[in-house]
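In: no sequence for this one, just the structure:
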DNA sequence: GTCAACAATCGTGTATACAAGAATTGTGTT
DNA sequence: AACACAATTCTTGTATACACGATTGTTGAC
């Protein structure tokens, strides 16, 4: 539990939203949350204000807070931006790679290989996250890294759905291989291009996403 | 004044920060702000929480809020990301351009031409903002548009400094011309490339930025 | 004269109280 | 039976009170 209740609540509620414990469109009652977490309404409100600022919920004046429902089209737009940012991170990584970053990428890439070979999509989900974070970090742009991590968090639930699609694990991993090669070869443009197509959801992958979102 | 005091305060304080009325590193005392705006500490705190979530200030537990000082290097990183997002917006605009967007771009481009010819850097500053917003809108990605607008806001003070540099007005406008041509020609890749270099700050423009930031 | 410890003061964090606006339910009328 | 209006209830928005931690100033010792 963080040093002040407000922060802690923010993280708690944010996780609850991202793990779909609070479903999109659901109303978040301040009093209910307060009693549920055993605190007063004040820190609850502060947490909600922050989540509103981040864009996870919407506070309609005098009418309470609701969890934002992005909808398939907006999720697609978010992936589009994510692809662009990851592409930039990859091209920077290729140019600025140092020994520590190289090792971090190699390590997480290795873990991905294991989970992919085992067909363990849950494990791959986590290892994949570490792999991408390693690339953000290798780009040596703190601001870009923060933006990437934040957007990655918001897309987490959908990413998870995607991995369930047949064969996605092995194709994802082979794409990783090409990305790693490009970064290690110092080919920024290639790394950018590969990451953009790896992260973006084109063609049939978009219908997969829509289908899995509708299934909930 | 917005419907609730919290929102209003958030905008008010945000503007004060972006217009450098509160300088970077400055401490924001809740009680002082409350009396200054004639409200209680509660809405002030809520405004500060939101600004913290956005990244404009930092709230250190039990030690108050301070205005974040990005520093030249971080500002550079922010421009780097901005360039990438604008590039994406431009490429989307080229692909998805419709009549309304085309007219909006043409109109704001025309206003830029006038202010540039008149050498009026303040007028150009506003017209330029409208021009870029027209491109965001033409991309038809609400999420991307929001991200662009938000980052554009945060970079506003530095952008303003940049325009003061000698000859920047005319070179900026001629770059606009090329961008408009690419978008109207439907050449997404070219629009992307041109916007990236237009927005990014490479070479001597970076030292200009550092110099003007140090001058304050 | 300088450094350390303690005390007083100041500011933040949380709870609670109160006011005002929305939503809901009940009643009356058509 | 259905719709409209009114009253009540519930929830949000703001203010205030209180407690705890941090900061600063002062005093004493080395």
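Out: Perfect, I can see it now. From a predicted model like this one, the values you see are computed outputs, not experimental measurements.
In: could you use CA atoms for every contact and neighbour count after this?
Out: OK.
In: okay, now the domains of chain A?
Out: Per the record, chain A has its domains at A:5-67, A:71-214, by automatic domain parsing.
In: with distance to residue B:47 and mean pLDDT as added columns, please give those domains in JSON lines.
Out: Below are those laid out as JSON lines (distance: least, Cα to Cα, whole Å; pLDDT from 0 to 100):
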{"stretch": "domain A:5-67", "distance to residue B:47": "8", "mean pLDDT": "96"}
{"stretch": "domain A:71-214", "distance to residue B:47": "21", "mean pLDDT": "94"}
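In: out of the ones you listed, flag the one nearest chain B.
Out: Among the domains of chain A, the nearest to chain B by Cα to the nearest Cα is domain A:5-67 (4.9 Å).
In: quick one: end-to-end distance for that closest one.
Out: From its first residue to its last, domain A:5-67 covers 21 Å (Cα to Cα, to the nearest Å).
In: spatially nearest residue to the residue nearest the centre of chain A, not counting backbone neighbours?
Out: Residue closest to the average C-alpha location in chain A (Cα atoms, centre = their mean): residue A:152, at 2.1 Å. Nearest residue to residue A:152 in three dimensions, chain neighbours excluded: residue A:82, at 7.4 Å (Cα to Cα, 6 or more residues apart in numbering or on different chains).
In: the strand or helix carrying the one you found to helix B:71-96, inter-axis angle?
Out: Taking DSSP states H and E as the definition, residue A:82 sits inside helix A:71-96. With axes from the mean of the first three to the mean of the last three Cα atoms, to 10 degrees defining the directions, helix A:71-96 sits at 130 degrees from helix B:71-96.
In: buried stuff in the helix or strand following helix A:71-96?
Out: Remark: after helix A:71-96, the chain's next helix or strand is helix A:99-118, criterion DSSP H and E. For helix A:99-118, the neighbour count (16 or more other Cα atoms under 10 Å in any protein chain shown) marks A:101-102, A:104-109, A:111-113, A:115-116 as buried.
In: do the same with stretch A:137-149
Out: Neighbour-count burial for stretch A:137-149, with 16+ other Cα under 10 Å as criterion, is recorded at A:137-145, A:147-149.
In: so which of these are also by chain B?
Out: A:141-144 (Cα under 8 Å from any Cα of the partner chain).
In: do a quick rundown of the helices in chain A.
Out: Assigned by DSSP state H, chain A shows helices spanning A:5-18, A:30-37, A:41-54, A:71-96, A:99-118, A:121-138, A:142-163, A:168-184, A:188-199, A:204-214.
In: please state the offset of stretch A:54-67 from the chain centre?
Out: 22 Å (Cα atoms, centre = their mean, to the nearest Å).
In: straight-line length of it, end to end?
Out: End-to-end for stretch A:54-67, by Cα to Cα: 12 Å.
In: can I get the buried residues of helix A:99-118 in a markdown table including distance to DNA strand C?
Out: As requested, these are exported to a markdown table (distance: Cα to the nearest atom of the strand, whole Å):
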| residue | distance to DNA strand C |
| --- | --- |
| A:101 | 35 |
| A:102 | 38 |
| A:104 | 35 |
| A:105 | 37 |
| A:106 | 40 |
| A:107 | 38 |
| A:108 | 36 |
| A:109 | 40 |
| A:111 | 39 |
| A:112 | 39 |
| A:113 | 43 |
| A:115 | 40 |
| A:116 | 42 |
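In: reformat those as a markdown table; add distance to residue B:176.
Out: As requested, these are exported to a markdown table (distance: Cα to Cα, whole Å):
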| residue | distance to residue B:176 |
| --- | --- |
| A:101 | 38 |
| A:102 | 39 |
| A:104 | 41 |
| A:105 | 39 |
| A:106 | 42 |
| A:107 | 45 |
| A:108 | 43 |
| A:109 | 42 |
| A:111 | 47 |
| A:112 | 44 |
| A:113 | 46 |
| A:115 | 49 |
| A:116 | 47 |
